[in-house]
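Asks: pasting a predicted model and its sequence here:
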Amino acid sequence: MPRILPRLLKKLKNSHIPETFDCFSLDKHRFRGKSLWKPLPPNPFPSFKPSDHGQSILLTPGNPITSSRDYVRRKSLPPRVYIPENAQKRKKKNAYEVYDKPRRMTDGERDWWASPYLRMLSTPLRKCLQTQQLLPSAFLIRLGVFQAPSSQPLRLFSPSSPPEALLLPDGLEHSKFKGRRSGKAGYVLCWKDAVEHLRVSGAYKRIAFNSRIPSVLLDQIRHLLRLRVLQELQLVTDALRFRPRTLVIKDRPLVRRLTRAEWHELKATGIMPATITEHAMAVIVVPPLNRHPVTKERPKGIMSSLPPPEDPEDSNLSRKFERPSLPLCTLHLIHPIPETHKIENKGLPEDISFSYHHARSRVPLYNGVTLFPDPTQRAALLDLLRSILAIERKARARNQRRTMAPKEEDSTGVDNRASHAFLLYSDAHTALTADMAGVGLALWRIPMFEGMGWESKLQGDVEGVAREASEKGGSEFNVEDSFGSPWVKRYKYRSMFGDERYRVRV
């Protein structure tokens, strides 16, 4: 031991401590799915009749009794978007990997993978605490149980009176930046009204009876949902830096700016311009940020899970006027509706073609000022979008010099100057380069949490329901009777041992 310590101290002194933490350093420790698939025997349905066997079935080699594991059907691993060239040559960790070799997605599978809405539907099913509905986890918010800080020592607590716990959002950030911290958690609809009704009804007590919901839960969820968009864009930027040159195609960018002519046409008609193809995923309008009236500096982008710091100088500034708030998200058709299907002052008729109800026939337009009200997050969003444009611009210029292709000159006289609107693409080709569908999924969850997309609207206010619950003591209070909506229920007896009628008889 005396010989090891001096050498260990010398090594630690000479070792280089990294200034920043590389989120991709955990990639080698990431768990890869283990495959248990292997081909079944030639006869997957053997016979158990004695007449079909010349001797005892137990003496037959490969019989389904002593070799029952050979007849178990197992799923193979899902295909991958990209498979490295040395995937088939790497050393197999177990015997099952010899049979289930990695498979690359087909063009059709990659096209499904590039759709953010199909990706949302393919997430694992989880049950909502408030509605008791099984929904894909992309439509839900995961609330983990965390121990609240306490000044009392742990020896004063007991199993019957444990320390107070808090329900906080867990798993909203990307796993490459921050993994899940709580093993015990519940799910609730990705809707601010559902979170408020969960707090009023007290259904979250089924997870932990000593838990409570903090008053800043809604603000925390909003902040993390917006942070997830920035993290997805950061992963797209990192993927572009290591993109093969063969995937650089001029007609298939990931992000591009709408020209001023296209932006004016979109605002005038409400329909996407003809130059926008069906592979368009979303449009984000992010104008440049103004300088601070006191410091005369533009805000810098911050990607932190902590709440944004409050600037005391902003509260002292008096604003001359307040602009009306822009809508968070609006849907725009790619192709105009035929004249035979147009109805005045009404939406799409029921007998319209199914293609107009398809997700790809509508492109969401997000207003960056409303989507990211915090200037630091909006500055980070603008920096990430500009970095993607810069990387793709350099890649196209490098490809153009290599192929010696002449530059195209525009002589149409149309205003082709760039606007503040960014168009995001996602299709089977862009999926080979970066996961743009993850960006679209993260963007869509923000207006979903604010109430967009939910058909049943609750009636009444949550504060009035809370007062009624406190007056009645919470014993016979029913949220369904107060709000007149069947989607939310509050059970009087949550445990089968809480009342004589629900007690198990032996």
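Replies: Good, I have the coordinates. Numbering: from 1, shown residues only.

Asks: quick one: contacts for residue 231?
Replies: 173-174, 176-177, 303, 442 (CB atoms under 8 Å, 6 or more residues apart in numbering). For glycine as for every other residue, the C-beta is placed from the backbone atoms N, C-alpha and C.

Asks: could you pull out the helices in the stretch 301-450 of the chain for me?
Replies: 312-316, 368-371, 375-403, 430-433, 436-449 (DSSP state H, counting those that start in this stretch).

Asks: ok, now the stretch 1-150 of the chain?
Replies: Along the stretch 1-150 of the chain, the stretches classed as helices by DSSP H, counting those that start in this stretch are 4-14, 107-113, 116-121.

Asks: what pLDDT does the spatially closest residue to residue 384 that is not a sequence neighbour get?
Replies: Among residues not flanking residue 384 along the chain, residue 233 sits closest, at 4.2 Å (CB to CB, 6 or more residues apart in numbering). pLDDT for residue 233: 95.

Asks: residue 66 too?
Replies: pLDDT at residue 66 comes out at 87.

Asks: leaving out sequence neighbours, find the closest residue to it.
Replies: Nearest to residue 66 is residue 58, by CB to CB, 6+ apart, at 6.3 Å.

Asks: the one you found against residue 50, yeah?
Replies: No: using CB atoms under 8 Å, residue 58 is not in contact with residue 50, being 11.8 Å away.

Asks: burial count for the nearest residue in space to residue 299 that is not next to it in sequence?
Replies: Spatial nearest neighbour of residue 299, chain neighbours left out: residue 375 (4.1 Å); criterion: CB to CB, 6+ apart. Other residues within reach of residue 375, judged by other CB atoms under 10 Å, total 20.

Asks: kindly report the same for residue 368.
Replies: 21.

Asks: pretty sure it sits against residue 381.
Replies: Yes: between residue 368 and residue 381 a contact is recorded at 6.5 Å, counting by CB under 8 Å.

Asks: any idea how far the residue nearest the centre of the chain lies from residue 297?
Replies: Centroid-nearest residue in the chain, with CA atoms, centre = their mean: residue 442, separated by 4.4 Å. Distance, residue 442 to residue 297, using CB to CB, to the nearest Å: 29 Å.

Asks: which ones are touching the residue with the largest distance to the centre of the chain?
Replies: Here the chain reaches farthest from its C-alpha mean at residue 54, the gap being 59.5 Å by CA atoms, centre = their mean. Contacts of residue 54 were listed using CB under 8 Å, 6+ apart, and none were found.

Asks: buried set for the helix or strand hosting the residue nearest to residue 384?
Replies: According to DSSP states H and E, residue 233 maps onto helix 217-241. Buried residues in helix 217-241, counting neighbours by 16 or more other CB atoms under 10 Å, are found at 217-218, 221-237, 239-240.

Asks: so how far is residue 103 from the closest residue to residue 417 other than its chain neighbours?
Replies: Among residues not flanking residue 417 along the chain, residue 260 sits closest, at 5.1 Å (CB to CB, 6+ apart). Separation of residue 260 from residue 103 (CB to CB) stands at 45 Å.

Asks: quick one: residue 131 and residue 187 touch, right?
Replies: No: applying CB under 8 Å, one finds residue 131 not in contact with residue 187, separated by 10.1 Å.

Asks: I'd assumed residue 385 was in contact with residue 286.
Replies: Yes: contact criterion CB under 8 Å: residue 286 and residue 385 qualify, at 6.6 Å.

Asks: any common contacting residues for these two?
Replies: By CB under 8 Å, 6+ apart, the residues touching both residue 286 and residue 385 are residue 422.

Asks: any idea how far stretch 279-290 is from the chain center?
Replies: Taking CA atoms, centre = their mean, to the nearest Å, the mean C-alpha location of stretch 279-290 is offset from the chain mean by 19 Å.

Asks: and the spatially closest residue to residue 385 that is not a sequence neighbour, what are its bridge partners?
Replies: Nearest non-adjacent residue to residue 385, counting by CB to CB, 6+ apart: residue 422, 5.2 Å away. On the basis of DSSP bridges, residue 422 is bridged to residue 257, residue 284.

Asks: what's the burial count for residue 422?
Replies: The tally of other residues near residue 422 (other CB under 10 Å) stands at 23.

Asks: how much space separates it from residue 328?
Replies: 16 Å.

Asks: ditto for residue 75
Replies: The gap separating residue 75 from residue 328 is 40 Å, by CB to CB.

Asks: of the two, which one has the most company?
Replies: Neighbour count, other CB under 10 Å: between residue 75 and residue 328, residue 328 has more, with 16 against 9.

Asks: OK, contacts around residue 139?
Replies: Here residue 139 is in contact with 120, 189-190, 448 (criterion: CB under 8 Å, 6+ apart).

Asks: buried residues in stretch 193-209, which are they?
Replies: Buried residues in stretch 193-209, counting neighbours by 16+ other CB under 10 Å, are found at 193-201, 203-204, 207-208.

Asks: flag the shaky bits of this protein, pLDDT-wise.
Replies: For the chain, applying pLDDT under 70 flags the ranges 1-2, 16-33, 85-98, 155, 245-251, 311-324, 337-360, 402-415, 455-506.

Asks: fine by me, we can end here.
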